[in-house]
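In: The sequence isn't on hand, but the structure is:
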């Protein structure tokens, strides 16, 4: 067992070691609770054990869990649980020794289970130390943010974001911008230019020249503005519904956060209680064994980036475009990868498998059929779907907040140099080189007269398509499909006569990936 196999949420059950047949399992129950475990690569384990104290599960008793994976070969886990100081269960202390239940290769429904025993380590009330019970902890499926009440996006926002216009806009914008320097044929650029999607400021040099970031051409301003405008669209939709818009992360969620959070507070008598905290929920990292999802990556990489991009001295030294480009290709891409779950086919619910590698994949790059407009396709790892995921708006809210940090840092360092302006209804900045150099950021579509009407149109309940915007929206969809077709055509190499049919098909397959590449994978 690898340490990352431990990470997850479990239904914890412990049973009294009664040797006689009782004909009623309720008589054997010692405890039933929710167990969340997060393991580091060195085997250190932290977590929580909690159970409802009210029938509606609005409040819970919470024990802190600490321990370690003692042996990977035998999958031996030793834990200690202690009650929260100041709470009704402050005196609780239990020790656990668990191991991985056998995985039968013939099973039709494999499920990770930890089995073993628990012992009360010290007295609490009339309960005496030394009592033991047998334990079965059954790992649950990861709960998607879209399925958590209070975390899921508003229905009107989902309908807007899952529609083909918005999916294509987000995908086309990222793809044409990333591929622009790498097109093999100048005719491709000319074709896209004629469609109104020319990229004046690519964010990177072409791959053959090292694929290095370009920090002095303003490409990062394009990234920051395009996503600020997306946030504006969603916020306007929420305001029209009389709802509070999604809130950005003020700090990156810690590595050991549960998917549904119960936060500490005090009741009128001063006792610590834990109540359901929807605003803090939906931020658990799904464990897949990937380095980017480990607590170690969070501590050694992401926290360092967070410190860097919130430092006034660092922000004061960067141009606006340099900040945007650095954010996009470091912490932004890492956040998409850290919080993504594997992409699933919206029709079957099965994990999508890349036919070339056999590894988890995503939607075929140039398949824009209605199937992929399902709200269930909210895979955080690729351009066509990530913005339908509730986590997108939290992480992009964090990125957007860095804009205001940057402005405050500039004001402190060079007062009055950076001046505000309104651009397409969004707060922005006047050109003042070298700090701000782009007059009109690249967005691909025409924003004036667009945006909010995408949230007003009638929604096709079967597919989540928007019909608001009428002919103009349909025309833009047609243009974006042509842009994507030009990219697909450029990506296909001519078939070589010396290859057999299977090899020729593989060579001709367009290998443009519309996904957020983890830093270091470019």
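Out: Sure, I can see it. None of these values were measured; they are calculated from a predicted model. Numbers count the residues shown, from 1 in each chain.

In: where does residue 9 land in three-state SS?
Out: Following DSSP: H, G, I helix; E, B strand; the rest coil, residue 9 is assigned to strand.

In: those strands in the protein, which residues are they?
Out: With DSSP state E as the criterion, the chain has strands at 8-16, 29-39, 44-52, 59-71, 76-83, 93-100, 113-120, 132-139, 261-266, 272-277, 420-423, 426-429, 459-460, 465-466.

In: Dump these into a markdown table; add mean neighbour count as well.
Out: For the C-beta atoms, the positions are set from N, CA and C on the backbone; glycine is no exception. A markdown table is the format used below for these (neighbours: other C-beta atoms under 10 Å):
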| stretch | mean neighbour count |
| --- | --- |
| strand 8-16 | 20 |
| strand 29-39 | 20 |
| strand 44-52 | 20 |
| strand 59-71 | 18 |
| strand 76-83 | 19 |
| strand 93-100 | 19 |
| strand 113-120 | 18 |
| strand 132-139 | 18 |
| strand 261-266 | 16 |
| strand 272-277 | 18 |
| strand 420-423 | 12 |
| strand 426-429 | 17 |
| strand 459-460 | 16 |
| strand 465-466 | 21 |
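
In: can you redo the ones you listed as JSON lines with mean pLDDT and distance to residue 181?
Out: As requested, the strands of the chain are exported to JSON lines (pLDDT from 0 to 100; distance: least, C-beta to C-beta, whole Å):
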{"stretch": "strand 8-16", "mean pLDDT": "97", "distance to residue 181": "41"}
{"stretch": "strand 29-39", "mean pLDDT": "96", "distance to residue 181": "40"}
{"stretch": "strand 44-52", "mean pLDDT": "97", "distance to residue 181": "44"}
{"stretch": "strand 59-71", "mean pLDDT": "96", "distance to residue 181": "46"}
{"stretch": "strand 76-83", "mean pLDDT": "97", "distance to residue 181": "50"}
{"stretch": "strand 93-100", "mean pLDDT": "97", "distance to residue 181": "48"}
{"stretch": "strand 113-120", "mean pLDDT": "97", "distance to residue 181": "50"}
{"stretch": "strand 132-139", "mean pLDDT": "98", "distance to residue 181": "45"}
{"stretch": "strand 261-266", "mean pLDDT": "97", "distance to residue 181": "43"}
{"stretch": "strand 272-277", "mean pLDDT": "97", "distance to residue 181": "45"}
{"stretch": "strand 420-423", "mean pLDDT": "97", "distance to residue 181": "26"}
{"stretch": "strand 426-429", "mean pLDDT": "97", "distance to residue 181": "26"}
{"stretch": "strand 459-460", "mean pLDDT": "41", "distance to residue 181": "38"}
{"stretch": "strand 465-466", "mean pLDDT": "39", "distance to residue 181": "33"}
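
In: In JSON lines: those, plus distance to residue 213.
Out: Output for the strands of the chain, formatted as JSON lines (distance: least, C-beta to C-beta, whole Å):
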{"stretch": "strand 8-16", "distance to residue 213": "36"}
{"stretch": "strand 29-39", "distance to residue 213": "32"}
{"stretch": "strand 44-52", "distance to residue 213": "35"}
{"stretch": "strand 59-71", "distance to residue 213": "38"}
{"stretch": "strand 76-83", "distance to residue 213": "43"}
{"stretch": "strand 93-100", "distance to residue 213": "43"}
{"stretch": "strand 113-120", "distance to residue 213": "44"}
{"stretch": "strand 132-139", "distance to residue 213": "40"}
{"stretch": "strand 261-266", "distance to residue 213": "36"}
{"stretch": "strand 272-277", "distance to residue 213": "38"}
{"stretch": "strand 420-423", "distance to residue 213": "24"}
{"stretch": "strand 426-429", "distance to residue 213": "21"}
{"stretch": "strand 459-460", "distance to residue 213": "39"}
{"stretch": "strand 465-466", "distance to residue 213": "35"}
